[in-house]
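# Would you be able to build a 3D model of this:
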Amino acid sequence: MALQKLALLGREACKRLTKLSVRGWDCGPHVTRYEMYRRVGEFFSREPRFGKILSISESEGLHDLFEPSQSEILVANYPEYNLLQLPFPDETFDYCVSDQVLEHVEGDPQRAIDESFRVLKRGGWAIHTTCLMNPIHAAPNDFWRFTPAGLRYLFRAYSKIEQAEGWGNPFVHLMHVLDLRSVPIPNAPSHPLHKIATLNWSNWPVMTWIIAQK
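Residues are numbered from 1 along each chain as shown. Sure thing, here's the model as predicted:
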């Protein structure tokens, strides 16, 4: 019990020091989304940032990638909307996006992917982020994990795969143990958290994502 208390005290001290270390810095998202959002953002250097967008279940983190003044974003949160059976006509949207949603689909993931395909206009884009080496987390339940290759397979009906990638490293798991994963990452290459957030070991993907065109 004494050892457990000591470990908890050490974790709290580490957390306080880490939060102090980012104070005053210009920061981006937390560690599991920092590099992923950068890579997804690169896609928009060649594609328009506007259109009719279907945003699935608390995916507001991806909204910053779009130009709000020229976009119509329909937020479709669960349980009112279910990715397994969307109440929209075929070919309605220019984009369908979801951020850390696919692992929570209570049903066949292929059906969810097929629904995003159905509601996209011809030439429209699906952007879905999810996870592989991530602790079980409920929202309200946690069912699935995806490799980049698995995502490519699920999206095989799409005409083009722009990105099917993963990001992660062992240090992210240490940050989770220390309860540091929610700390924002400084936009400064010299900061230790920035180094962790941009270090990618291809065989340690914590986050995975795909960008595919119908």
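
# Would you tell me what the next helix or strand after the longest strand that the chain contains is?
Of all segments of type strand in the chain, defined using DSSP state E, the longest is strand 120-131. From strand 120-131 onward toward the C-terminus, using DSSP states H and E, the following helix or strand is helix 148-154.

# helices or strands up against that next one?
Counting contacts by 3 or more C-beta pairs under 8 Å, 6 or more residues apart in numbering; DSSP states H and E, helix 148-154 is packed against helix 109-119, strand 160-167, strand 207-213. Bear in mind the C-beta positions are built from the backbone N, C-alpha and C, glycine included.

# so can I have CSV of these showing distance to R46 and mean pLDDT?
Output for the helices and strands packed on helix 148-154, formatted as CSV (distance: least, C-beta to C-beta, whole Å; pLDDT from 0 to 100):
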stretch, distance to R46, mean pLDDT
helix 109-119, 21, 98
strand 160-167, 9, 98
strand 207-213, 11, 98
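
# Out of these, which is closest to F143?
F143 sits nearest to helix 109-119 of all those, at 8.4 Å, using C-beta to C-beta.

# That closest one - contacts with which helices or strands?
Other helices and strands packing on helix 109-119, by 3+ C-beta pairs under 8 Å, 6+ apart, are strand 51-56, strand 93-99, strand 120-131, helix 148-154.

# Let's see the third one as PDB, backbone CA atoms only.
Below are the C-alpha coordinates for strand 120-131, written out as PDB (Å, rounded to 0.1, in the frame of the first residue of the first chain):
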ATOM      1  CA  LEU A 120     -20.700  10.400 -50.300                       C
ATOM      2  CA  LYS A 121     -21.000  12.100 -53.700                       C
ATOM      3  CA  ARG A 122     -19.000  10.600 -56.500                       C
ATOM      4  CA  GLY A 123     -15.500  11.900 -56.000                       C
ATOM      5  CA  GLY A 124     -16.200  12.700 -52.300                       C
ATOM      6  CA  TRP A 125     -13.800  11.900 -49.600                       C
ATOM      7  CA  ALA A 126     -14.000   9.800 -46.400                       C
ATOM      8  CA  ILE A 127     -11.600  10.700 -43.500                       C
ATOM      9  CA  HIS A 128     -11.700   8.300 -40.600                       C
ATOM     10  CA  THR A 129      -9.300   8.100 -37.700                       C
ATOM     11  CA  THR A 130      -9.200   5.200 -35.200                       C
ATOM     12  CA  CYS A 131      -6.700   3.300 -33.100                       C
END
